[in-house]
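[1] 3D model of this:
(one chain, ligands or ions: 2)
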Amino acid sequence: MMSVVLPSYNEEGMIEKTAKVLTEILDSEKIDHELIFVNDGSSDNTQFEIEKVADKYPNVRYVMFSRNFGKEAAIFAGLAISKGECVAVMDCDLQHPPATLVEMYRLWEQGYEVIEGVKKTRGKESVMYKVCAKTFYGIMSKATKIDMSRASDFKLLDRKAVNSLLAIPEYHVFFRAMSSWIGYKTTSVEFEVQEREVGESKWSFKSLVKYAINNIAEYSSAPLHIVTWTGLIVFIIAVILGIQTLIQFFLGKAAEGFTTVILLQLFTASILMIGIGIVGFYLSKVYDEVKRRPRYIISKMK
Ligand code: UDP
Ligand code: MG
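    Ligands and ions are numbered 1, 2, ... in the order given. So this is what the prediction gives:
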């Protein structure tokens, strides 16, 4: 059996259609399956829609969160309750084409254990968005040593891979990167991102920037090393300037004026503050991890 995990946040207009389209296509391909909708604390009628669909279709199951915990948490909740020998994760707005899901399933039957959906093109995005996405994925690819530029959350995993993911105890999870990190026999399938039919993207520019910074901090310690290197460079400059100042002093021509002092003070103070800020950010990540809070809270499930 295949499980399909569908994280849903304020998708009232899409639930019924997605359930119908997926059931039809998977039935016609004779693929035994279950659909798992994860309601990520929607504020619209998504919960009602999911319950309605679950009454109508015997292959539909669900998890309801007590509040919005984010897509990553929703994906992991779906993985945790899935029963299939393989588990697919896809968006419930049908932007990930169901035909590709069938293609992935066939590859799984051939023995692949991780089948990744790769975006053929990045769909309709503004220039600004493209530049930001490129920078983010550039850094992430370096940090994870995996090419992430066209990665998506559309994937099919074998039970073994799912269990490996679920065994990861981290509070902050990043499905896209972790499903590559675990290894296994991997292949990829290209797909064209579809237009969203109903509703709108849940990502604002601000939320994307936050998401990017968080994921970089969780996957890479490079910013911490940058602090050290900046310190070293400033130290070298300080030594050179110090020697020069001393020579001038002994020659009887001391550097003059408060201006120099003020500029130096401002410069070092800001470098120090930024350094402390970066260290503090990592500290807050460690704090989140040691608190050992659950990734999500379930209010209802079937
Ligand atoms: N989603 C979620 N929780 C959130 C935000 C989004 O479960 O906090 C789900 C959403 O319902 C959709 C998928 O994640 O199924 C992708 O979201 P969206 O379509 O808004 O992103 P985009 O396709 O624009 O990248
Ligand atoms: Mg979408």
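[2] Just give me the neighbour total for Phe136.
    19 (other Cβ atoms under 10 Å). To be clear about C-beta, it is placed using only N, CA and C from the backbone, and glycine gets the same treatment.
[3] Which secondary structure state is assigned to the closest residue to ligand 2 within the stretch 101-250 of the chain?
    The minimum distance from the stretch 101-250 of the chain to ligand 2, using Cβ to the ion, falls at Arg196 (5.3 Å). What DSSP: H, G, I helix; E, B strand; the rest coil gives for Arg196 is coil.
[4] I'd guessed it sits against Asp91; true?
    No. Contact between Arg196 and Asp91 fails when scored by Cβ atoms under 8 Å: they sit 9.0 Å apart.
[5] neighbour-wise, which of these two wins?
    Neighbours per residue (other Cβ under 10 Å) separate Arg196 from Asp91, with Asp91 holding more: 20 against 15.
[6] quick one: the helices in the chain?
    Applying DSSP state H to the chain gives helices spanning 15-28, 46-56, 71-81, 98-109, 127-144, 159-166, 175-181, 205-219, 222-250, 258-291.
[7] Might you enumerate the residues of the stretch 151-300 of the chain proximal to ligand 1?
    Ser201, Lys202, Trp203 (Cβ under 6 Å from any ligand atom).
[8] what sits against the second one?
    Read that as Lys202. Lys202 sits next to Tyr9, Asn10, Lys71 when contact means Cβ atoms under 8 Å, 6 or more residues apart in numbering.
[9] Give me the subset of the residues you listed that also touch ligand 1.
    Tyr9, Lys71.
[10] Please indicate which of the contacts of Lys202 has the highest neighbour count?
    Result: Tyr9 is most packed of the contacts of Lys202 (other Cβ under 10 Å), 22 neighbours.
[11] ok, that one touching Gly41?
    Yes. Tyr9 is within contact range of Gly41, at 7.3 Å (criterion: Cβ under 8 Å).
[12] so what sits against both of those two?
    Shared contacts of Tyr9 and Gly41, counting by Cβ under 8 Å, 6+ apart, come down to Asn68.
[13] returning to that earlier point: roughly how far does the closest residue to the residue of the stretch 101-250 of the chain closest to ligand 2 other than its chain neighbours sit from Ile36?
    Excluding the flanking residues, the one nearest Arg196 by Cβ to Cβ, 6 or more residues apart in numbering is Asp93, at 5.2 Å. Remark: distance between Asp93 and Ile36 (Cβ to Cβ, to the nearest Å) = 16 Å.
[14] which of these two has more neighbours?
    More crowded of Asp93 and Ile36, by other Cβ under 10 Å: Ile36, with 27 against 24.
[15] tell me the contacts of the more buried one?
    Ser3, Val4, Val5, Leu6, Val60, Arg61, Tyr62, Val63, Gly78, Ile81, Ser82.
[16] Poorly predicted segments of the stretch 201-302 of the chain, please.
    Residues of the stretch 201-302 of the chain that meet the criterion pLDDT under 70 lie in 255-256.
[17] And ligand 2, is stretch 55-72 touching that?
    No. If you take Cβ under 5 Å from the ion as the test, stretch 55-72 misses ligand 2, and the best it gets is 10.0 Å.
[18] Would you mind listing what in the stretch 51-200 of the chain touches ligand 2?
    Asp91, Asp93, Gln95.
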